[in-house]
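Engineer: have a look at this prediction, sequence included:
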Amino acid sequence: MIHLEKIVYENYRDVVKLHVSKEQETFVASNLVSLADAYITLMDEEPIFTFAIYNDDTIVGFIMMGYDDDWSGEEREDWLNSHEYKEYEGKKYYYIWRFMIGEQFQNKGYGKEALAKAIEFLRTKPCGDAEYIVLTYEPKNEVAKKLYASFGFEEKFIKYLHEGDEVHAIVKF
């Protein structure tokens, strides 16, 4: 049974030990880097949620989510000035910043179940109202693209992608 538990002292080491395959390393930061990013985000007094993904008593993955209302913090000026972007300007949103299933636990349906649990958590709107859930992924990550599309996430700003950019995908609450 897949469930999410907050990252705490007792489980963070097991989360840090998880990794993806060599071929997937360019798709997601290590969990150690992600936890450092979460710490800095918290120090900046921004809301962030870090969860270990469990299958019963075994940690099989990691997910990190947050809340924001400032799309202008993005670096892509070309899509910030686009008509497509204006639809989202000034609207609050939750985001899935990092999401991974450990290499040895992949292809068992855990990612789909974990994403469902994460969206269920975000639908409680723990930081207040929002209109969207946003996430990004590497354009070459076909598995992620398929998974996110199965939950209704739609790719945005595709025509503005440059080398090294991630695809933005958005779903309305």
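Structural biologist: Arrived safely. Residues are numbered from 1 along each chain as shown.
Engineer: in this structure, which ranges drop under the pLDDT threshold?
Structural biologist: Along the chain, segments meeting pLDDT under 70 span 71-80, 83, 159-161.
Engineer: strands along that one, start to end?
Structural biologist: Ranges of strands in the chain, per DSSP state E, are 2-6, 48-55, 58-68, 93-101, 132-137, 154-156, 167-172.
Engineer: which of those sits closest to His19?
Structural biologist: strand 93-101 (8.3 Å; CB to CB). Bear in mind the C-beta positions are built from the backbone N, C-alpha and C, glycine included.
Engineer: what's in contact with the closest one?
Structural biologist: Strand 93-101 is contacted by residues 18, 20, 28-29, 31, 34, 37, 48, 53, 60-69, 71, 110-111, 114-115, 118, 122, 125, 127, 130-135, 170 when judged by CB atoms under 8 Å, 6 or more residues apart in numbering.
Engineer: measure how far that strand is from the centre of its chain, please.
Structural biologist: 1 Å (CA atoms, centre = their mean, to the nearest Å).
Engineer: list the buried residues in it.
Structural biologist: Tyr93, Tyr94, Tyr95, Ile96, Trp97, Arg98, Phe99, Met100, Ile101 (16 or more other CB atoms under 10 Å).
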